[in-house]
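Chemist: sequence and computational prediction follow.
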Amino acid sequence: MSDSEESVSGSLAGYPTLHRLLAAHLPPAALKEANRLLRGYNGGDLVEELQLPERLVSLAKNSNFDLQGYSFTAAREEMREPHVVRAALVQNKIVLPTTYPFLEQKRAIMSRVETLIDAAASASVNILCLQEAWTMPFAFCTREKTWCEFAESAEEGESTKFLQGLAKKHNMVIISPILERDENHGNILWNTAVVIGNHGNVIGKHRKNHIPRVGDFNESTYYMEGNTGNPVFETVFGKVAVNICYGRHHPLNWLAFGLNGAEIVFNPSATVGDLSEPMWPIEARNAAIANGYFVGAINRVGTEVFPRPFTSGDGKPEHADFGHFYGSSYFSSPDASCTPCLSRCQDGLMIVDMDLNLCRQVKDKWGFPMTARYDKYAHLLKNYVREDFKPQIIKDPLLP
């Protein structure tokens, strides 16, 4: 890391990732046991590191981004060939201060992201997902409507056309979470993920299902809950879905993507340390286990300072930033194993090989879908949404 990144890391308890902290302070035997509990085992051991091309390793060093690679394996089967997909996550800071002209900010981010996508392509990545609202600062804390200028068409916008060219060039599926402007319906804004196929075609889009109203994250000033359901996009490489940011706190949202057949669910996010960092390593991993698919959790990185201070009605004094976006992007597997996280303070590229056969193998082993009792819970939910619902509570007759 550079000196500036070390200083940022130092202000965040002095370490770039939890796993590096443990490695620096635990003896080998204790570290192995800690990793077994925190990261799980894939095929009887920690998920194996990938040997990435030396030119890519050099590029990461020279271009100042954290590069990590791992391989999730599955048992060999007699009647199915392995279905190995190489997937990637990108986390990045904004490039220019938020006081710069909007178009300059956007183009600078696009240039940086192009470097990271080209880097992934040099390692033959098949599917790549960017972070939430990747084309802009995460300005939704400010409640200032000038930031709506970053919104664009999901199908015809500048960022979509930009990524269509890269997707076709690299034979790569790219998931692009943006601020969408729906010009056909009154210029309504949505928080949307555009799924671009490996031929440069737009396969479809998904709009964020759950919108936070937590402290500075009062995003409903700009957009409301999405109307696209829980779609799964069948690509040449596998069936993917996108659970955008705050949707990770909602188990039924994860469940719905699984019921629709997802094999990989990406969770592009923008969240800060004071709010959610203890939850971050748990939620995506739990979703992968409970639903029998792989999860790629992405968080932006850096501290974004805005021109004018703001408050959020939570009793805190006015301030000009959200707090630190702590990065820490990672992949989880249905067998409870996961990769270490990317840096908490640096741009990053996480590359993994995953054998999608593992999804069915874990379902066969644990039988979660078979024992799920969906009919039972469907009955409860059907009653719960009725105005006359009464909770099923059996009171101790000795209580007053």
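Modeler: On my side now, so go ahead. Residues are numbered from 1 along each chain as shown.

Chemist: for the chain, longest helix please?
Modeler: Scanning the chain for the helix with the most residues, using DSSP state H, yields helix 102-122.

Chemist: report the distance from it to the chain centre.
Modeler: The chain centre lies 18 Å from the centre of helix 102-122; the measure is CA atoms, centre = their mean, to the nearest Å.

Chemist: looks like A297 contacts A284 (just checking).
Modeler: Yes. Using CB atoms under 8 Å, A297 is in contact with A284, at 3.8 Å. Any C-beta I mention is one placed from the backbone N, CA and C, and that applies to glycine too.

Chemist: what's the overlap in contacts for these two?
Modeler: Each of 248, 267, 330, 332 lies in contact with both A297 and A284 under the rule CB atoms under 8 Å, 6 or more residues apart in numbering.

Chemist: just the closest of those residues to G43, please.
Modeler: S332 (15.2 Å; CB to CB).

Chemist: quick one: mean pLDDT for stretch 44-60?
Modeler: Mean pLDDT, computed over stretch 44-60, is 97.

Chemist: please disregard the earlier target; I meant stretch 277-291.
Modeler: 97.

Chemist: same check, this time on stretch 295-307
Modeler: For stretch 295-307, the mean confidence score works out to 97.

Chemist: export that stretch to PDB, keeping only CA atoms.
Modeler: The C-alpha trace of stretch 295-307 is given here as PDB (Å, rounded to 0.1, in the frame of the first residue of the first chain):
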ATOM      1  CA  VAL A 295     -22.500 -14.900  -3.600                       C
ATOM      2  CA  GLY A 296     -20.200 -12.000  -4.700                       C
ATOM      3  CA  ALA A 297     -20.500  -9.100  -2.200                       C
ATOM      4  CA  ILE A 298     -19.000  -5.800  -3.400                       C
ATOM      5  CA  ASN A 299     -18.600  -2.600  -1.500                       C
ATOM      6  CA  ARG A 300     -17.100   0.700  -2.700                       C
ATOM      7  CA  VAL A 301     -14.100   2.100  -1.000                       C
ATOM      8  CA  GLY A 302     -12.900   5.500   0.300                       C
ATOM      9  CA  THR A 303     -14.300   8.600   1.900                       C
ATOM     10  CA  GLU A 304     -16.400  10.900  -0.300                       C
ATOM     11  CA  VAL A 305     -16.600  14.500   0.900                       C
ATOM     12  CA  PHE A 306     -19.400  16.600  -0.500                       C
ATOM     13  CA  PRO A 307     -19.300  20.400  -1.100                       C
END
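
Chemist: for that stretch, buried residues please.
Modeler: 295-304, 306 (16 or more other CB atoms under 10 Å).

Chemist: pLDDT weak spots in the stretch 151-300 of the chain?
Modeler: Within the stretch 151-300 of the chain, no range satisfies pLDDT under 70.

Chemist: and the helices in it?
Modeler: With DSSP state H, counting those that start in this stretch as the criterion, the stretch 151-300 of the chain has helices at 158-170, 251-259, 273-276, 280-291.

Chemist: export the ones you listed as a markdown table, with columns for mean neighbour count and distance to Y70.
Modeler: Output for these, formatted as a markdown table (neighbours: other CB atoms under 10 Å; distance: least, CB to CB, whole Å):
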| stretch | mean neighbour count | distance to Y70 |
| --- | --- | --- |
| helix 158-170 | 19 | 21 |
| helix 251-259 | 20 | 22 |
| helix 273-276 | 16 | 24 |
| helix 280-291 | 21 | 14 |
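
Chemist: need these in a markdown table (columns: distance to L179).
Modeler: Shown next, in a markdown table, are these (distance: least, CB to CB, whole Å):
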| stretch | distance to L179 |
| --- | --- |
| helix 158-170 | 10 |
| helix 251-259 | 20 |
| helix 273-276 | 21 |
| helix 280-291 | 23 |
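
Chemist: hey, where'd the helices end up in the stretch 1-150 of the chain?
Modeler: For the stretch 1-150 of the chain, the helices defined by DSSP H, counting those that start in this stretch cover 3-11, 18-25, 28-39, 54-63, 102-122.

Chemist: could you report the neighbour count for E277?
Modeler: Using other CB atoms under 10 Å, E277 has 17 neighbouring residues.

Chemist: which residue is the nearest non-sequential neighbour of it?
Modeler: Y326 (5.5 Å; CB to CB, 6 or more residues apart in numbering).

Chemist: any idea how far that neighbour is from G261?
Modeler: 32 Å (CB to CB, to the nearest Å).

Chemist: same question, G44
Modeler: For G44 relative to G261 (CB to CB), the value is 28 Å.

Chemist: the more surrounded of those two?
Modeler: G261 (12 against 6).

Chemist: and the more buried one, what is it in contact with?
Modeler: Here G261 is in contact with 232, 239 (CB under 8 Å, 6+ apart).

Chemist: would you mind measuring from it to L356?
Modeler: G261 is 12 Å from L356, by CB to CB.

Chemist: could you do C129 as well?
Modeler: C129 is 16 Å from L356, by CB to CB.

Chemist: how about N35, nearest residue that isn't a chain neighbour?
Modeler: That would be L46: by CB to CB, 6+ apart, it lies 5.7 Å from N35.

Chemist: what count of nearby residues applies to that neighbour?
Modeler: 19.

Chemist: just to revisit the earlier point, more neighbours: which of C129 and L356?
Modeler: C129 (27 against 21).

Chemist: where does the more buried one land on pLDDT?
Modeler: For C129, pLDDT reads 98.

Chemist: where does the nearest residue to Q164 once chain neighbours are set aside fall, phi/psi-wise?
Modeler: Closest residue to Q164 apart from its sequence neighbours, by CB to CB, 6+ apart: G200 at 4.2 Å. The phi/psi pair for G200 (degrees, to the nearest 10) reads phi 90, psi 10.

Chemist: repeat that for P369.
Modeler: phi -60, psi -40.

Chemist: run a quick neighbour tally on the residue nearest to Q164.
Modeler: 18.

Chemist: likewise for A75?
Modeler: Counted with other CB under 10 Å, A75 comes out at 11.
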